[in-house]
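# Sequence and predicted structure are below.
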Amino acid sequence: MNDILISVIVPVYNAEKYLRKCIDSIINQTYSNLQIILVDDGSEDNCSIICDEYAQLDMRIVVIHKKNQGLVLARKSGMQIAEGEYITFVDADDYIDIDAYEKIAACINPDMPDIIAFDLVEEYPDKIVKKENRFTEGLYGAGELKTQIYPEMLSKGAFFDYGILPNLVCKFIKNEFANKTQIEVNSEVTFGEDADAVSQYLAKAESMQIIHYAPYHYCKREGSMVYAPIKPESINYLQNDLEKAFLKAGISDIMKNQLNDYITFVTLLKNPRVILDRKGIFTDSKTALYGAGGFGQAVFSQYSDSIAVIADSNYAKFDNSFMQIVSAEELVNRQSEYDKVFITILNVNLCRQIKEKLLAMGMKKNVVFYDIGRVIQ
């Protein structure tokens, strides 16, 4: 597979600050047989100029300039002109290792599977986290996909723990397969677009290869971690896309519980009132939060008048006006200000560990703990 053409699609929208690093990481690959498609999705900064500048420097680059229609349609525009045996994606504010495609191409099974799934690295301002597909490396045929992959594809055990990473950027999709399947991701889906596309491709695939190699750097910057709500209709479109895909693939029964968990996860993260109002946790102003990540920010933005204090183990890194974060020690010391603690972390096991930690630090036994386990019951 060392001479196959790989089409790399880069949707670009207002990413001027990071775009050069992204493109440089692609054009300087040790694997050179690339078609590089930069899709300028109506950028309002200098991205359009940067894309054209690189196209003049490297004949492998094709630039599409279009009006802004969002990520889904930008990727679709790139796929329509992709000529490679495989298609892959890089987001404009991320980058890849210099030998990424050489190493992946060297591992591709000669049968050329419909999908190749590899790992990635999440880069935060203060840490790096490797994210892996939670299955054994190797080739999976149609039968193995149904018996081994689908039952744990979206949720592998505890809420919420992916089996296959939902990110489209750590996938190679065979072009012939993509053209034949013609998945439909609703353009109104503004969160979960990747999971929507990846799940639809997997539901229709006859084969998938898993490679445990993480050359993709998914950059989680401070600005990207601030809570931003989405329209409830967007979540409905996401659910409808996946329900239809699983029904057509004959795997609705296998995917039902996983899909419910996934939609609950998305709702809690992007529109938490839909679920939390029914729980009655924030009926007064005597509630504390533990956890200031995406879920914690979402909850705080919706219930700030009812929240007495919010804590996080990484409290020092949150230096903004969105909310004032305190340490776990200070949370324990300020017990007179609240009688309930909601642990806003979307991992059941971690929630339990935090509860035990707070109790060991001196949290009173009569404080009522809520966590994700109680919310999703």
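Now that the structure is in, tell me what you want to look at.
# C-alpha only now, for contacts and for neighbours.
Will do.
# what about E188, helix or strand, and which?
For E188, there is no host helix or strand (DSSP states H and E).
# separation between the residue nearest to G296 when sequence neighbours are not counted and N133?
The shortest distance from G296 to any non-neighbouring residue, by Cα to Cα, 6 or more residues apart in numbering, is to T344 (5.1 Å). According to Cα to Cα, to the nearest Å, T344 stands 25 Å off from N133.
# More neighbours: those two, which one.
T344 (27 against 20; other Cα atoms under 10 Å).
# I figured that one hits A288, correct?
No: checked against Cα atoms under 8 Å, the pair T344 and A288 is beyond contact range at 10.0 Å.
# List the contacts of G78.
9, 37-39, 64 (Cα atoms under 8 Å, 6 or more residues apart in numbering).
# quick one, helices of this structure?
16-27, 47-57, 71-80, 100-107, 142-144, 175-181, 193-204, 232-248, 252-270, 273-279, 294-303, 328-333, 348-360, 372-376 (DSSP state H).
# what about those helices, which gets the closest to N2?
helix 100-107 (5.7 Å; Cα to Cα).
# what comes into contact with that closest one?
1-2, 4, 29-31, 211, 215-216.
# pLDDT weak spots in the stretch 101-250 of the chain?
222-227 (pLDDT under 70).
# quick one on the thing from earlier: please enumerate the shared neighbours of T344 and A288.
Counting by Cα under 8 Å, 6+ apart, nothing touches both T344 and A288.
# Quantify the burial of the residue lying closest to D339 once chain neighbours are set aside by counting its neighbouring residues.
Closest residue in space to D339, ignoring its immediate chain neighbours: V367 at 5.2 Å, by Cα to Cα, 6+ apart. If you count neighbours by other Cα under 10 Å, V367 ends up with 14.
# pretty sure V367 is touching E337, no?
No: judged on Cα under 8 Å, V367 makes no contact with E337 at a distance of 11.2 Å.
# Make a markdown table out of the helices of the chain and add distance to I115.
Output for the helices of the chain, formatted as a markdown table (distance: least, Cα to Cα, whole Å):
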| stretch | distance to I115 |
| --- | --- |
| helix 16-27 | 21 |
| helix 47-57 | 28 |
| helix 71-80 | 15 |
| helix 100-107 | 12 |
| helix 142-144 | 12 |
| helix 175-181 | 9 |
| helix 193-204 | 8 |
| helix 232-248 | 17 |
| helix 252-270 | 19 |
| helix 273-279 | 35 |
| helix 294-303 | 30 |
| helix 328-333 | 44 |
| helix 348-360 | 31 |
| helix 372-376 | 32 |
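# Determine which of the ones you listed approaches V309 most closely.
With Cα to Cα as the yardstick, what comes closest out of the helices of the chain is helix 328-333 (7.3 Å).
# which residue is nearest the centroid of the protein?
Nearest to the mean C-alpha position of the chain, by Cα atoms, centre = their mean, lies N167 at 5.4 Å.
# Would you quantify the distance from that residue to T88?
From N167 to T88 the distance is 11 Å (Cα to Cα).
# Please apply the same query to G294.
In terms of Cα to Cα, G294 sits 27 Å off from T88.
# ok so, going back, and of the helices of the chain, who's closest to D312?
Of the helices of the chain, nearest to D312 by Cα to Cα is helix 328-333, at 6.4 Å.
# The closest one packs against which elements?
strand 307-311 (3 or more Cα pairs under 8 Å, 6 or more residues apart in numbering; DSSP states H and E).
# any idea how far the strand it packs on is from the chain center?
27 Å (Cα atoms, centre = their mean, to the nearest Å).
# quick one: contacts for K357?
Here K357 is in contact with no residues (criterion: Cα under 8 Å, 6+ apart).
# coming back round to it: using TSV, lay out the contacts of helix 100-107 together with distance to D58 and neighbour count.
TSV is the format used below for the contacts of helix 100-107 (distance: Cα to Cα, whole Å; neighbours: other Cα atoms under 10 Å):
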residue	distance to D58	neighbour count
M1	23	13
N2	21	15
I4	19	14
Q29	13	17
T30	15	14
Y31	14	21
I211	30	20
P215	23	20
Y216	22	21
